[in-house]
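**Student:** no sequence for this one, just the structure:
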């Protein structure tokens, strides 16, 4: 179920490279990378999990509520992270010209489905 869900988001988002479901300890649950890409989404996920945890702690200290989404944009890629619950997040990585809005939408729709599946 998870791989197909990630595949649908990656293939449904123009310019996306890979998708990942991971826990906040940096342990991947599932990933999907477009065919022909040598991109290592699991390494990216492990590194950004540290950043997202820091953002979550800052949000708690500022009393602004739970972190829902984080975007990291660099010269060569954009990574979108959608927090599912206290344990898991889902992410996709896009090339610089990728359709960021579509990726955000698809992750927002997917997150509750993943949360339900992870709870069973």
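**Tutor:** Yep, that arrived. Being a predicted model, the structure only gives us computed values, none of them experimental.

**Student:** for the protein, what's the longest helix?
**Tutor:** Longest helix in the chain, counting residues (DSSP state H): helix 41-62.

**Student:** need the residues that contact that one.
**Tutor:** With CB atoms under 8 Å, 6 or more residues apart in numbering as the test, helix 41-62 has contacts from 17-20, 22-26, 28, 31, 33, 65-67, 70, 72, 79, 81, 83, 89, 91, 93. C-beta here means a position set from N, CA and C on the backbone, and glycine is covered the same way.

**Student:** in PyMOL, select just the buried ones from those.
**Tutor:** Buried subset of those, written as a PyMOL selection, criterion 16 or more other CB atoms under 10 Å:
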select buried, resi 17+18+19+20+22+23+24+31+33+67+70+72+79+81+83+89+91+93
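
**Student:** point out where this protein drops to low pLDDT.
**Tutor:** Along the chain, no part satisfies pLDDT under 70.

**Student:** ramachandran coordinates for the residue positioned nearest the centre of it?
**Tutor:** Central residue of the chain (CA atoms, centre = their mean): residue 91, 1.1 Å from the mean position. Per-residue torsions, residue 91: phi -140, psi 150 (degrees, to the nearest 10).

**Student:** show the contacting residues for residue 22.
**Tutor:** The contact partners of residue 22, by CB under 8 Å, 6+ apart, come to 28, 29, 42, 45, 46, 49, 88, 89, 90, 91.

**Student:** that'll do, ta.
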